[in-house]
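A.B. asks: just to be clear, the model below is a prediction. Sequence and coordinates:
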Amino acid sequence: MARILPAMKKSARLRSALATILLLAAGAALAENNKPASSKDGEYYNANGDPTYDISPDGKVDWRTYSGYLRYSAECLRCHGPDGLGSSYAPNLTDSLTRLTYSQFLATVAGGKRDLGAGEEKVMPSLGADSNVMCFIDDIYVYLKARADGALPRGRPDNHAPKPKSWSDAEDACMGPE
Amino acid sequence: MKILMASLISVSSLALARPASAQDMDTKLTQNPADWVIPAGNYAGNRYSKLDQITNKNASKLQPVWTFSTGVLRGHEGGPLVVGDIMYLVTPFPNIVYALDLNDNGKILWKYEPKQNPDVIPVMCCDTVNRGVSYADGKIFLDQADTTLVALDAKTGKMLWSAVNGDPKIGETATMAPLPVKDKVLVGDSGGEFGVRCHVTAYDMNTGKRVWRAYSEGPDNEIMVDPEKTTALGKPVGKDSSLATWKGDQWKQGGGCTWGWYSYDPELNMVYYGSGNPSTWNPKQRPGDNKWSMTIFARDADTGMAKWVYQMTPHDEWDYDGVNEMQLADQKFDGKMRKLLVHFDRNGFGYTLDRTNGELLVAEKFDPAVNWATGINMDKSSPDYGRPIRVKKYSTEANGEDVNTQGICPAALGSKDEQPSAYSPKTGLFYVPTNHVCMDYQPFRVTYTPGQPYVGAILSMYPPPGQTDMGNFIAWDAAKGKIVWSDPERFSVWSGALATAGDVVFYGTLEGYLKAVDAKTGKELYKFKTPSGIIGNVMTYEHKGRQYVAVLSGVGGWAGIGLAAGLTDPHAGLGAVGGYAELSKYTSLGGALTVFALPQ
């Protein structure tokens, strides 16, 4: 028994190391998938055509990621916690966004979600009619995706690209007159 | 037979045989130290008990004697009541009310579970908390999350009547404990983050019929002020005192919510409470003083008419709600006995007023970190008398929209939030749970959609520069406006305090400790780690000659937002990120009652 144990331990350690490598690889692959494949007017898209972030090595973020940080903090933080990390009553989105696709994310935000029972009674409202959220939904998505991919640290991004004019026009069209 | 008679009397005198005047009986009930019939223990909001079996000499021997799981995992604010041989408590949504038999080890005598539409859950700003039920006239009063006020038969749990106080579809929800006063029950509403126009409403205790409703903002008749007779700092408020301080009809989404703790002075027949923040959190969008948000109200309990008002933070720029409890105490001030009202505001100032007329006597910082104002103008001849003296650097109005104003202390959760303080007439001191947290605040433009959040600012919160403790538990001298002692805490103290005649003060911590400290010195006498973080309020009662102390655990509420993330200083550089402890390393969810006593 005594002789077998170390071997078992070793193989367990090996398995967990392998799992870690696989996880890291998956994470890297995820981040790889979200590399900008195209851009238009300061907005970035991955190879699938989904919105994505652009973060330079010095930490400077594209405008949409910065705007996403602001809008997330204004509209989502109250339940999902600072920097997307979750609270006592709403999930950690830096985890959820490693699994949800862009279209699943949109559907959840627009339609809401219910998880009742087990003493927890979690309900996410449907935000499809809330212009403070929906006018900026792609911004919030790329921000959270950057957080989930580990491409963006906690806190307010220090430096960001300027606000593109096309973005301002789209905001005005979506939010309506003041 | 003697024992049987005694127990019959204890039950029947409480629930069955009502004396000629129910209100006299209830006033007496709040004075019986064995019971704890309303959340604050007494009408003065003191959270003080005359029980003295547990003292500063023997408190170190306390031990948990029984526990009860509520079956609900969300944030448990409030605390239990004891009336005779029965303990009552309410859970967060779905707001289950339990009646527990103290003669039978907390056996469940009855349970009331309302059926509420879960759509109300996401409309509640910061978790689905409920701050407790109240007892009067043989009834238990519950204000459900969906704003339905119900009266239950205290013996059987049968619903006697219900009244709908608001509409969750437009953001109106309920979290507060109702206050029974004479033949009425008073309730307010929550929803300042949804642009709700909040009010206090009185319902007939026997029928649930609405008697009066007083809004926080709007026309004089709807806010129930008399332009000539209602005063602010000694002067009549004048015509349209609220309307004149809002742009256009913004008062219709004005907030000023009323979800805090109410107090009552039976001699003056006055009810005291505070109103919350004006909506939105973006000050640029709502020019004016935004009256009467952020205001202490004194109203006639029968008619609802305001006798006096005092707006603490005109034109709020930081979300410093004025809803915290109103402590009523009779103390010497400048050598004369005065009827005082003491209030520890979110804005970081401890106010002492004359509660007969609203005269401002003291306004001092109860956390030295407070920096948004240098003080309160106490010069009676100044046009700015009673107003805070603001510091431009920390003014989110002056710095404007889309600018991140940094280093404001306190944070939006205030130097103290709703967690109520205690007052010991024996020591003359107030015992105050506090937050020691600062923030960055960036206001921006928002549009109003009924039933959708209407916030308009983003915040990040962190401990004051160079410090790691995020809370203090302090003793306060309200006549002098000075801290007497202060116990630092790693996290904000989010539990309501209890003071007792045994010179012991109790409070809970976010890690889950129930602590007993010496009322005179603050020295820790006892601590015990309960199953989850404590955001509930400590109470005490006596049963069969033994004194007990009880508290609800169950982390959540606004404190729950930082549970996973912790609070980090965005200005401290990368090295310090994560340097502050995360609450999730100390506690997890779980609603539980823990009851303590001395060994027999």
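C.D. replies: Received the coordinates, thanks. Numbers count the residues shown, from 1 in each chain, chains lettered A, B, ... in the order given.
A.B. asks: please count neighbours and contacts with C-alpha atoms only from this point.
C.D. replies: Noted.
A.B. asks: where does the chain dip in pLDDT?
C.D. replies: No chain specified, so I'll use chain A. By pLDDT under 70, the low-scoring segments of chain A are A:1-32, A:118-119, A:177-178.
A.B. asks: that's the wrong chain, I meant chain B
C.D. replies: In chain B the weaker segments, taking pLDDT under 70 as the threshold, are B:1-27, B:125-126, B:564-581.
A.B. asks: residue contacts, the residue nearest to the spatial centre of chain A?
C.D. replies: Nearest to the geometric centre of chain A sits A:Leu144, at 2.0 Å (C-alpha atoms, centre = their mean). A:Leu144 sits next to A:Gly68, A:Gly84, A:Leu93, A:Thr94, A:Leu97 when contact means C-alpha atoms under 8 Å, 6 or more residues apart in numbering or on different chains.
A.B. asks: and it, that one's in a helix?
C.D. replies: Yes: secondary structure of A:Leu144 (DSSP: H, G, I helix; E, B strand; the rest coil): part of a helix.
A.B. asks: chain A against chain B: which residues are in contact?
C.D. replies: Residues of chain A that fall close to chain B, judged by C-alpha under 8 Å from any C-alpha of the partner chain: A:70, A:73-75, A:78-83, A:85-89, A:118-125, A:130-132, A:155-156, A:175, A:178.
A.B. asks: out of these, which sit inside strands?
C.D. replies: A:Lys122, A:Val123, A:Met124 (DSSP state E).
A.B. asks: and the second one, how many neighbours?
C.D. replies: The number of residues packed near A:Val123 is 19, by other C-alpha atoms under 10 Å in any protein chain shown.
A.B. asks: how about the first one?
C.D. replies: Look at A:Lys122: counted by other C-alpha under 10 Å, it has 21 neighbours.
A.B. asks: then the last one?
C.D. replies: Neighbourhood size, A:Met124 [other C-alpha under 10 Å]: 20.
A.B. asks: touching, it and A:Arg114? I think so.
C.D. replies: Yes: A:Met124 is in contact with A:Arg114 according to C-alpha atoms under 8 Å; the separation is 6.3 Å.
A.B. asks: which residues in chain A form helices?
C.D. replies: Along chain A, counting by DSSP state H, helices occupy A:4-33, A:63-75, A:77-80, A:93-96, A:102-111, A:131-134, A:137-148, A:165-175.
A.B. asks: and the stretch 201-350 of chain B, by the same measure?
C.D. replies: B:220-223 (DSSP state H, counting those that start in this stretch).
A.B. asks: for chain A, what are the nearby residues on the stretch 1-150 of chain B?
C.D. replies: Residues of the stretch 1-150 of chain B lying close to chain A by C-alpha under 8 Å from any C-alpha are B:71-74, B:93, B:118-119, B:121-123, B:125-127.
A.B. asks: which among these gets closest to chain A?
C.D. replies: B:Val72 (4.2 Å; C-alpha to the nearest C-alpha).
A.B. asks: give me every residue that touches the closest residue in space to B:Asp321 that isn't next to it in sequence.
C.D. replies: Using C-alpha to C-alpha, 6 or more residues apart in numbering or on different chains and skipping residues adjacent in sequence, the residue nearest B:Asp321 is B:Gly276, 4.0 Å away. Residues near B:Gly276 by C-alpha under 8 Å, 6+ apart: B:Gly192, B:Gly255, B:Gly256, B:Cys257, B:Thr258, B:Ser293, B:Met294, B:Thr295, B:Tyr320, B:Asp321, B:Gly322, B:Val323.
A.B. asks: can we see that at 6 Å?
C.D. replies: Going by C-alpha atoms under 6 Å, 6 or more residues apart in numbering or on different chains, B:Gly276 touches B:Gly256, B:Cys257, B:Ser293, B:Met294, B:Asp321, B:Gly322, B:Val323.
A.B. asks: ok, B:Trp161 - how many residues close by?
C.D. replies: Using other C-alpha under 10 Å, B:Trp161 has 16 neighbouring residues.
A.B. asks: partners of it in the sheet?
C.D. replies: B:Ala151 (DSSP bridges).
A.B. asks: can I get the contacts of A:Leu144 in TSV including neighbour count?
C.D. replies: Shown next, in TSV, are these (neighbours: other C-alpha atoms under 10 Å in any protein chain shown):
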residue	neighbour count
A:Gly68	21
A:Gly84	28
A:Leu93	20
A:Thr94	21
A:Leu97	20
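A.B. asks: identify, from the residues you listed, the entry nearest to B:Pro39.
C.D. replies: Taking C-alpha to C-alpha as the measure, B:Pro39 lies nearest A:Gly84 of those, at 35.4 Å.
A.B. asks: the closest one touches A:Pro91, doesn't it?
C.D. replies: No: using C-alpha atoms under 6 Å, A:Gly84 is not in contact with A:Pro91, being 8.6 Å away.
A.B. asks: quick one, phi psi at B:Lys115?
C.D. replies: When read as degrees, to the nearest 10, the backbone of B:Lys115 gives phi -100, psi 110.
A.B. asks: now it: closest residue in space, sequence neighbours ignored.
C.D. replies: The spatial neighbour of B:Lys115 that comes closest, neighbours along the chain excluded (C-alpha to C-alpha, 6+ apart), is B:Pro94 at 7.5 Å.
A.B. asks: which of the contacts of B:Gly276 lies closest to chain A?
C.D. replies: Taking C-alpha to the nearest C-alpha as the measure, chain A lies nearest B:Asp321 of the contacts of B:Gly276, at 16.7 Å.
A.B. asks: that closest one - how many residues pack around it?
C.D. replies: There are 30 residues near B:Asp321, going by other C-alpha under 10 Å.
A.B. asks: cool, A:Trp167 as well?
C.D. replies: Neighbour tally, A:Trp167, other C-alpha under 10 Å: 16.
A.B. asks: any idea how far B:Tyr423 is from the residue in the stretch 351-500 of chain B that chain A sits nearest to?
C.D. replies: Across the stretch 351-500 of chain B, the shortest distance to chain A (C-alpha to the nearest C-alpha) belongs to B:Ile458, at 4.9 Å. Separation of B:Ile458 from B:Tyr423 (C-alpha to C-alpha, to the nearest Å) stands at 35 Å.
A.B. asks: the two: who's more crowded?
C.D. replies: B:Tyr423 (28 against 24).
A.B. asks: A helix includes the more buried one, no?
C.D. replies: No: using three-state DSSP, the assignment for B:Tyr423 is strand, not a helix.
A.B. asks: in contact with it, which residues?
C.D. replies: B:Asn46, B:Leu429, B:Phe430.
A.B. asks: B:Leu413 and B:Met470: what is the separation?
C.D. replies: 12 Å.
A.B. asks: for B:Asn269, same thing?
C.D. replies: As for B:Asn269, its distance to B:Met470 is 39 Å (criterion: C-alpha to C-alpha).
A.B. asks: these two - which one has more neighbours?
C.D. replies: Neighbours per residue (other C-alpha under 10 Å) separate B:Asn269 from B:Met470, with B:Met470 holding more: 21 against 14.
A.B. asks: for the more buried one, give its distance to B:Ser415.
C.D. replies: 10 Å.
A.B. asks: next up, the contacts around the closest residue to B:Lys169 other than its chain neighbours.
C.D. replies: Of all residues not flanking B:Lys169 in the chain, B:Gly451 sits nearest, at 5.4 Å (C-alpha to C-alpha, 6+ apart). Listed by C-alpha under 6 Å, 6+ apart, the contact partners of B:Gly451 are B:Lys169, B:Ile170, B:Gly171.
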